[in-house]
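sequence plus the predicted model coming up.
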Amino acid sequence: MDLLINGSTVNVPKKVETITELMQHLELKSPVIIVEYNDEILKKDEYKQTNINNGDKVEFIQFVGGG
């Protein structure tokens, strides 16, 4: 299935069905990630129950510290 992830089209296997599974598939491990799904910001407890579909738009926002 094709998703629009952070502005780029990415092909993801159909076995990836939820936001949580998508994050695992993409190996996103930052402790602080904000997820915007089809223009709505999700709460962390919604990741496991939010199913993704072909053509969906997902934005991952990660905070990076430095100095």
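Noted; the coordinates are in hand.

quick one: residues contacting the residue nearest to residue 19 when sequence neighbours are not counted.
Spatial nearest neighbour of residue 19, excluding adjacent residues (CB to CB, 6 or more residues apart in numbering): residue 47 at 4.2 Å. Where you see a C-beta, it was placed from the backbone N, CA and C, and this is true even at glycine. Residue 47 makes contact with 18-20, 23, 35, according to CB atoms under 8 Å, 6 or more residues apart in numbering.

in the chain, where is pLDDT below threshold?
Residue ranges of the chain with pLDDT under 70: 67.

what ranges do the strands span in it?
Counting by DSSP state E, the chain has these strands, from start to end: 2-5, 8-11, 33-37, 40-41, 57-62.

which one of the contacts of residue 47 is nearest residue 43?
Nearest to residue 43 among those: residue 35, at 9.1 Å, using CB to CB.

please tell me how far the closest one sits from residue 50.
In this view, residue 35 and residue 50 are 8 Å apart by CB to CB, to the nearest Å.

and residue 27, by the same measure?
Relative to residue 50, residue 27 is positioned 19 Å away (criterion: CB to CB).

quick one: which of those two has more around it?
Set residue 27 next to residue 50 and count neighbours by other CB atoms under 10 Å: residue 50 wins out with 19 against 6.

list the contacts of the residue lying closest to that one once chain neighbours are set aside.
Nearest residue to residue 50 in three dimensions, chain neighbours excluded: residue 19, at 4.7 Å (CB to CB, 6+ apart). For residue 19, the contacting residues are 35, 37, 42, 46-48, 50, 52, 58, by CB under 8 Å, 6+ apart.

how about 7 Å then?
Contacts for residue 19 (CB atoms under 7 Å, 6 or more residues apart in numbering) come out as 35, 37, 42, 47, 50, 52.

in JSON lines: these, plus distance to residue 62.
Formatted as JSON lines, these follow (distance: CB to CB, whole Å):
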{"residue": "35", "distance to residue 62": "10"}
{"residue": "37", "distance to residue 62": "16"}
{"residue": "42", "distance to residue 62": "15"}
{"residue": "47", "distance to residue 62": "15"}
{"residue": "50", "distance to residue 62": "18"}
{"residue": "52", "distance to residue 62": "19"}
